[in-house]
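Novice: sequence isn't available, so here's the structure alone:
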């Protein structure tokens, strides 16, 4: 490859040098020709005494942007004993355009100057001034009109010949470029990227007189493969692979093997932050919870079917689409095709649960006898059984097997029922997801041996969340399953009212239900606030005594280097290498910083439990907004067209076609496009803020292996961006 590149470079260099020489000659000949054709020089040659004794002529071309400065300086330099006449260049003829167009605008935007001066050194000064301002001097003596005409014809012929030579040279350059360079360009570029990457990696190798030490991160599963490859490639020199123990203060890079399905979910998590080495990866749970929450906000059978269909088409033709060059936005949607598939499926599921299809409610029950068309309500909802208020149907009512009864479609309290159901469902799902985050925090702390955060972090946080919003969720479920009795006079069994009384009037609902839970929630706050800073302070005092003092004379680069010794008293090779590569940093502990951090964390968790729970109400709000928009578009466009008096016959077909076109446009643009994007962003926020902040550190470093294929792709993408 290097020989091919050298040969092509040499040939292209010769052609380029030849073209540059011809263009320089062409530009000079063109300047001479323009000067000979200028009215200023022709007028000077016809003037009386120009050719006589005592007068001199100097002519040439100068950049148009310098003519005013040149005129002022010429007057000063010659003290007024020289006269300057200037003319602007004429536009290049069509026969010269193939060459003239390749020059810069400043090279082709010039003026012809003619200087006439008397005896003395005025001509010398004028010449030096012109040369200092990059002027091209083409004539230093007067010529007769006949000489000017002959010189002009001569230069015109020279320009024509040079134009042909330049065009032919450029054609030869293009042929050589297309026949030699273009077919091998991609291969050369890939080889250059590979060589550059290898050279960059080799620069990190520590070279010794007889050895070379290279250190890098390798996935544990790939270590046997690395040993085999190094053994097969080291025919002249022996290679040894030593697996170094990772020091406690070093965090290795994080690596997850992903495919087309899991890659998009891992990308969602990595956009917030890369997982710390060995901590629980939220992607495992995001695969289920993300489309689940999207479905809760987007529940519609029809809209979910459209998203599922689009995703299924992209998956079906993914091989063909992946090989084609897609638009940036289309490529982004194509990369999330499996996420779109799950989002569409969960949208269909919750659409059946909400009984919502393009604003319709599917009729799956024959119990319409309980619905009063006159009052647009269920007359027996709620009803009284003796002295008790029962929120339900009194007779032998059989509800649908799945989802909400379609008879609610015409009820006046439909919105009230949907609000109650979706709001409570959103709160329960939110508290469950936050509790899942705390459980994952337990597993993280247990794996890393961080017991102080288990006893004084996880347990108090779970107790607080359970005694407050866990209690609220239990009240919601109890109200769904049984008839709640008033606990005291004036109790309207409103859950919102009960939660307000829980915080403002502890014990109003009974000592076991109100006061005990409230006291438990308050008492756990000191356990979150005080013990952890004290434990860290004690641990720092214990570990600080194990480090030696910093010695500038003996070690000025790695002041604290622990080396593991073998049983014989000698240092192990891998331990020495590890100590040299990963020196232990000096211990740093600031008690004030630790206390402030813990105080902020404790207050943030308590207040965040309230705000995070309220944040999950977006599941209810967006679901209600989506359903109402679907219903409004259906009623105001389709149904309104059907109710028109003239909607019969051919006119009716035209009206329905137009109404359907408008309805389809707003459905695809607003409900499929904007609403889906809105639900996606809200689900993203719930995972990043409300869920992951309970356990996720997100301060890891991604593992980037020496992947030539990825680097070549990045090089190609950078070239496309520059183009």
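Specialist: Cool, got the structure. Note that the structure is predicted; figures quoted are calculated from it, not measured. Numbers count the residues shown, from 1 in each chain.

Novice: in the chain, which spans are strands?
Specialist: Counting by DSSP state E, one finds strands in the chain at the ranges 56-63, 82-88, 110-117, 136-139, 206-207, 212-213, 383-385, 388-390.

Novice: which of these is buried the deepest?
Specialist: For those, the largest average neighbour count (mean count of other C-beta atoms under 10 Å) is found in strand 110-117, namely a mean of 24. Using the backbone N, CA and C atoms, a C-beta is placed for each residue, glycine as well.

Novice: helices and strands around that strand, which ones?
Specialist: Under the contact criterion of 3 or more C-beta pairs under 8 Å, 6 or more residues apart in numbering; DSSP states H and E, strand 110-117 touches helix 2-37, helix 39-46, strand 56-63, helix 67-77, strand 82-88, helix 122-132.

Novice: lowest mean pLDDT across the ones you listed, which one is that?
Specialist: With a mean of 71, helix 39-46 has the lowest mean pLDDT of the helices and strands packed on strand 110-117.

Novice: before we move on, the earlier item: between the strands of the chain, which gets nearest to residue 662?
Specialist: Shortest separation from residue 662 across those is recorded for strand 383-385, at 43.5 Å, computed as C-beta to C-beta.

Novice: that older thread, possible to save the helices and strands packed on strand 110-117 as CSV with distance to residue 690?
Specialist: As requested, the helices and strands packed on strand 110-117 are exported to CSV (distance: least, C-beta to C-beta, whole Å):
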stretch, distance to residue 690
helix 2-37, 57
helix 39-46, 81
strand 56-63, 67
helix 67-77, 69
strand 82-88, 72
helix 122-132, 73
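
Novice: which of the ones you listed sits most buried?
Specialist: Ranked by mean neighbour count, those are led by strand 56-63 with a mean of 22 (mean count of other C-beta under 10 Å).

Novice: just want the angle from that strand to strand 82-88.
Specialist: Counting by axes from the mean of the first three to the mean of the last three C-alpha atoms, to 10 degrees, strand 56-63 lies at 40 degrees to strand 82-88.

Novice: quick one: low-confidence parts of the stretch 501-650 of the chain?
Specialist: 507-514, 543-587, 645-648 (pLDDT under 70).

Novice: thinking again about what came up before, select, out of the helices and strands packed on strand 110-117, the one closest to residue 520.
Specialist: Taking C-beta to C-beta, helix 2-37 is the member of these nearest to residue 520, at 76.1 Å.

Novice: by contact count, what packs against that closest one?
Specialist: In terms of contacts (3+ C-beta pairs under 8 Å, 6+ apart), helix 2-37 is packed against strand 56-63, helix 97-100, strand 110-117, strand 136-139, helix 145-176, helix 182-202.

Novice: strand partners of the third one, parallel vs antiparallel please.
Specialist: Right, strand 110-117. Paired neighbours of strand 110-117 in the sheet (DSSP bridges): strand 56-63 (antiparallel), strand 82-88 (antiparallel).

Novice: with distance to residue 405 as extra columns, can I get those in CSV?
Specialist: CSV is the format used below for the strands paired with strand 110-117 (distance: least, C-beta to C-beta, whole Å):
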stretch, distance to residue 405
strand 56-63, 86
strand 82-88, 88
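
Novice: to residue 429, which of those lies closest?
Specialist: Judging those by C-beta to C-beta, what sits closest to residue 429 is strand 56-63, at 74.1 Å.

Novice: chain center to that closest one: distance?
Specialist: In terms of C-alpha atoms, centre = their mean, to the nearest Å, the centre of strand 56-63 is set 59 Å apart from its chain centre.
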